[in-house]
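>>> Next come a sequence and a model predicted from it.
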Amino acid sequence: LALYARVIARIKRAVEAEFALGAGALHFTAPTFITRTLGGGERGWAPTEPHDEYWHVHVDKNNTAHYDYSGLLYLATLSDDFDGGVLQFAPPGRDAPEALETDPTGELTGVVEDTPEEPAALEVAPARGRLMVFSAGRENPHRVTKVTRGARFVLSFWFTCDASRHYETFLDGRVRYTYGQG
């Protein structure tokens, strides 16, 4: 937990500097998690909410309003550990849904259909230790291609400019109290 907290604090300072925000402008926010995505899917697993379908073009802030900056720290390397799982940013002018939602039957709504032949404006190949941070607004619609082989591991985290959404560390077991879920 101490290593995790130091890494997040160091990333926060770097993001504040890179985006010229000033020290203390950003606040680490919940949730954060390490994801494991398996090629061919996991036996017995199916998406249960819109955010589980990472392969659709989306905007993080549209799905969680207090996200101002999104971050990924890759823990596995493309081709060595897995295939697929490439972060793709949509070309300028590409529509993204206001938010991904499910209807009463559980079907995903708000999806702007992906066009396979549409080239990405930018692709980021995961490499162990590579850090990717970007603003979470409509200027950065993105998706992750489906993992087809192996296991892709990544630490996902977010920062906010809203001090009321500050969270010291997500792993202290109190997040449910912070956001009224306790």
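Noted; the coordinates are in hand.

>>> Partner strands of the strand or helix carrying Pro31 and their direction?
Assignment of secondary structure by DSSP states H and E places Pro31 within strand 27-38. According to DSSP bridges, strand 27-38 forms sheet pairs with strand 149-160 (antiparallel).

>>> Just the residues contacting the strand it pairs with, thanks.
Strand 149-160 is contacted from outside by 8, 11-12, 15, 26-29, 31-40, 60, 64, 66-76, 81-85, 126, 136, 166, 170, using CB atoms under 8 Å, 6 or more residues apart in numbering. (C-beta placed from N, C-alpha, C; glycine too.)

>>> Just the buried ones from those?
For these, a burial check counting by 16 or more other CB atoms under 10 Å picks out 8, 11-12, 15, 26-29, 32, 37, 39, 60, 64, 66-76, 81-85, 126, 136, 170.

>>> Among those, which lie within strands?
Counting by DSSP state E, the buried ones among the contacts of strand 149-160 place 27-29, 32, 37, 69-74, 82-83 in strands.

>>> Please name the bridge partners of the most centrally placed residue in the chain.
Nearest to the geometric centre of the chain sits Ser156, at 5.2 Å (CA atoms, centre = their mean). Taking DSSP bridges as the rule, Ser156 bridges to Phe33, Leu72.

>>> picking that back up, of the ones in strands among the buried ones among the contacts of strand 149-160, closest to Tyr54?
Distance ranking of those against Tyr54, using CB to CB, places Thr37 first at 7.5 Å.

>>> For the closest one, give me its contacts.
Taking CB under 8 Å, 6+ apart, we find Thr37 in contact with 54, 82, 85, 144, 147, 151-152.

>>> I'd like the distance from the nearest residue to Ala127 once chain neighbours are set aside to His66, if you could.
In space, and not counting its chain neighbours, Ala127 is closest to Thr77: 4.9 Å by CB to CB, 6 or more residues apart in numbering. Relative to His66, Thr77 is positioned 31 Å away (CB to CB, to the nearest Å).

>>> again, but for Phe82
Distance from Phe82 to His66, by CB to CB: 31 Å.

>>> the longest helix in the protein is where?
helix 2-18 (DSSP state H).

>>> pLDDT weak spots in this structure?
41-52, 93-118, 168-182 (pLDDT under 70).

>>> if we go to 80?
1, 30-55, 92-119, 167-182 (pLDDT under 80).

>>> Taking strand 69-74 as reference, get the angle to the strand holding Pro31.
40 degrees (axes from the mean of the first three to the mean of the last three CA atoms, to 10 degrees).
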